[in-house]
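In: Pasting a predicted model and its sequence here:
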Amino acid sequence: MKSGKCPMCNSNEVYSNSESEFRASGDIVQLSDIDNELQIYLIPYICTNCGFAAMFVADMDDIKDLPETDGWKKVK
């Protein structure tokens, strides 16, 4: 999606808006556990051909410590 191509339908009709806001909580997603709190900004990407939507982390530095953060496990 970030390359401008939809992984579902291969269309080039992919759009993004880094200034968009989520209705529930603005453009910040807060993920909390007992000892840690992360704030991660996400940018939406939407294919206007098939409707597939994806969210990507805006700043990779926000998640650099995620593998060592309690509660987060690698998906296998």
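Out: Sure thing, it's come through.
In: measure residue 2 to residue 69 for me?
Out: In this view, residue 2 and residue 69 are 24 Å apart by Cβ to Cβ, to the nearest Å. Bear in mind the C-beta positions are built from the backbone N, C-alpha and C, glycine included.
In: To clarify, my last question referred to residue 45.
Out: 25 Å.
In: Of these two, which one has the most company?
Out: residue 45 (19 against 14; other Cβ atoms under 10 Å).
In: would that one count as being in a strand?
Out: Yes. Assessed by DSSP: H, G, I helix; E, B strand; the rest coil, residue 45 belongs to a strand.
In: Start from the N-terminal end of this protein and give the strands.
Out: Assigned by DSSP state E, the strands in the chain fall at 14-16, 28-32, 37-47, 53-57.
In: show me the contacts for the residue nearest to residue 17 when sequence neighbours are not counted.
Out: Closest residue in space to residue 17, ignoring its immediate chain neighbours: residue 44 at 6.7 Å, by Cβ to Cβ, 6 or more residues apart in numbering. Going by Cβ atoms under 8 Å, 6 or more residues apart in numbering, residue 44 touches 16, 17, 20, 53, 54, 55.
In: Neighbours of the last one, how many?
Out: Looking back up the chat, that one is residue 55. 13.
In: Name the residues linked to it by a beta bridge.
Out: Applying DSSP bridges to residue 55 gives these bridge partners: residue 44.
In: That one contacts residue 42, correct?
Out: Yes. Counting by Cβ atoms under 8 Å, residue 55 does reach residue 42; the two are 4.3 Å apart.
In: could you measure the residue nearest to residue 17 against residue 3, distance?
Out: From residue 44 to residue 3 the distance is 16 Å (Cβ to Cβ).
In: Great, nothing more from me.
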